[in-house]
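Colleague: Sequence and predicted structure, then a few things I'm wondering about:
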Amino acid sequence: MTVQLVSLSELRASGDLAVARSVLLQHPPSSERTRMLAWIERFPTTAHVRANLEGHLTASALVVDGARERVLLTHHKKLQRWLQLGGHCDGEANLVRTALLEACEESGIGDLRIDPRPLDLDIHCIPARPSEPAHDHLDTRFVVYAPRGAVEVLSEESLELRWFTCAEVDRLETDDSVRRLVRLWQERGG
């Protein structure tokens with residue numbers, strides 16, 4: 001199955017949570033999908049807003065190099081671990097657009113293109129900090145492709161950006177969800 005990759009200029013901004021719902025419905029049924037759809041029903045205007053202190057929708061991206069051999073991970077400054085790129089929707093209901101925008105901002109790479117089909121859904125708790133209580137991130141994860149020869153540029157959110165082979169990710173001290181994300185990308189056909 002050939003999938004049309006999409007650039008940021010092709011993605012429309014939207015605050016309408018019906019857009020997020022339609023993206024989630026593209027993912028196969030799972031307990032995470034059920035919980036995320038219920039979250040949108042429970043918070044029909046704030047499910048995707050950081051000010052919702054119980055939790056909020058987020059979107060992230062597994063950035064793959066042009067040769068489709070390595071993935072780009074960030075050593076996240078606040079969470080102190082290697083993770084995929086991504087972040088808060090901040091009122092943006094187009095989860096595909098949020099994932100690609102975050103990948104562009106955090107990697108510094110231009111011309112990224114996204115597979116608009118969700119690859120993975122993950123719900124995880126963010127620990128309490130002095131400025132905010134513990135809360136859930138309801139994360140929709142996508143695959144984003146970098147052009148050949150792309151060079152990453154460190155952002156303020158990262159301690160380091162680094163390309164890893166899939167075998168290196170398996171040995172990396174990271175979350176199981178990151179390893180699962182890489183495995184799902186490989187199973188999809190890289």
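Modeller: Noted; the coordinates are in hand.

Colleague: use CA for all of it now, contacts and neighbours both
Modeller: Fine.

Colleague: Spell out the secondary structure type for the nearest residue to Arg21 once chain neighbours are set aside.
Modeller: Computed as CA to CA, 6 or more residues apart in numbering, the closest residue to Arg21 that is not its neighbour in sequence is Leu37, at 6.5 Å. Local secondary structure at Leu37 is given as helix here, using DSSP: H, G, I helix; E, B strand; the rest coil.

Colleague: My guess is Leu37 contacts Gln26. True?
Modeller: No: using CA atoms under 8 Å, Leu37 is not in contact with Gln26, being 11.9 Å away.

Colleague: Pick out whichever of those two has more residues nearby.
Modeller: For Leu37 versus Gln26, neighbours defined as other CA atoms under 10 Å are more numerous around Leu37 (18 against 13).

Colleague: Could you report the pLDDT at the more buried one?
Modeller: Note for Leu37: predicted pLDDT of 98.

Colleague: And the one 10 residues further on, by the same measure?
Modeller: As summarised for this prediction, Ala47 has a pLDDT of 97.

Colleague: try Glu157
Modeller: Predicted confidence (pLDDT) for Glu157: 81.

Colleague: what about it, neighbour count?
Modeller: 15.

Colleague: How about Asp115?
Modeller: Counted with other CA under 10 Å, Asp115 comes out at 18.
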